[in-house]
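Novice: Next input, structure requested:
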Amino acid sequence: MEDISCEINYSIDYDAAYGTKLDTCLAIDGHLNVLVDDVAIFDEESICVSELYVLFSKWISTDFYGGFCYISMEHDEPVFEINIKGEVAEFESIWISKDVNSPILINKFSFFRAVSNFCQWLEKELPDIKNLL
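Specialist: Numbers count the residues shown, from 1 in each chain. Purely as a prediction, here's the structure:
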C-alpha cells in the first residue's frame, strides 16, 4: 500500500479546561480531526484529548501491537477503532465524516507516525500531561 499522508490534529478548548490555568490534565477537551490525504475522515468538536493521549501512549508502548479501540469515559460506544491487517490500518467510526465510506484504509506506518506526532505535539503544549501515564 502506498504511503499516503495521515494527520491527527487537535485544538484545546482552554475555556472549558479549568479556566485559564491548567493545574491538572485529567480532562482536557478539544477539537479532534483525522486527515487522510488532506481529507477529513473524522472531525469532532468535543473529544477528551488527554484521555486519548493516555490511550495512544499505552498503545505506542506496546510497539502498536494489535488494534486500537478508543472507548471514552464520555460515550457509550467506541469513538473509533483501528484494526491492523498486514500493512494496513483500518479506521472505523460511527462518527465518520459524511461522504466517507468506512472503514478507511490507511498505510499503518503513516497512521503510527500520526499517532506519535499527536502525542509529541500534546506533550509540547501541555508538558504536565506526561504525569497521567
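
Novice: in the top strand by length along the chain, what's buried?
Specialist: Among the elements of type strand in the chain, defined by DSSP state E, the one spanning the most residues is strand 39-48. Residues of strand 39-48 classed as buried: Ile41, Phe42, Ile47, Cys48 (neighbour count, 16 or more other C-beta atoms under 10 Å). The C-beta positions use only the backbone N, C-alpha and C, and glycine is treated the same way.

Novice: swap in stretch 44-63?
Specialist: Using 16+ other C-beta under 10 Å as the test for burial, stretch 44-63 gives Ile47, Cys48, Val49, Ser50, Glu51, Leu52, Tyr53, Val54, Phe56, Ser57, Trp59.

Novice: Redo those residues as TSV? Include distance to Asp128, secondary structure and pLDDT.
Specialist: Listed next are these as TSV, based on distance: C-beta to C-beta, whole Å; DSSP: H, G, I helix; E, B strand; the rest coil; pLDDT from 0 to 100:
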residue	distance to Asp128	secondary structure	pLDDT
Ile47	19	strand	88
Cys48	16	strand	87
Val49	14	helix	89
Ser50	10	helix	88
Glu51	15	helix	89
Leu52	16	helix	93
Tyr53	11	helix	93
Val54	13	helix	92
Phe56	17	helix	95
Ser57	14	helix	95
Trp59	21	helix	93
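
Novice: Export the residues you listed as TSV, with columns for distance to Phe111.
Specialist: What follows is the buried residues of stretch 44-63, written out as TSV (distance: C-beta to C-beta, whole Å):
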residue	distance to Phe111
Ile47	17
Cys48	20
Val49	17
Ser50	21
Glu51	19
Leu52	14
Tyr53	16
Val54	18
Phe56	11
Ser57	15
Trp59	11
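
Novice: out of those residues, who's nearest Arg113?
Specialist: Proximity of the buried residues of stretch 44-63 to Arg113 was ranked by C-beta to C-beta; the top entry is Phe56 with 12.3 Å.

Novice: Contacts only, for the closest one.
Specialist: Taking C-beta atoms under 8 Å, 6 or more residues apart in numbering as the criterion, Phe56 is in contact with Phe68, Val115, Phe118, Cys119.

Novice: residues in contact with stretch 88-104?
Specialist: Contacting residues not belonging to stretch 88-104 are listed as 1, 34, 36, 39-44, 77-84, 105-108, 111-112 [C-beta under 8 Å, 6+ apart].
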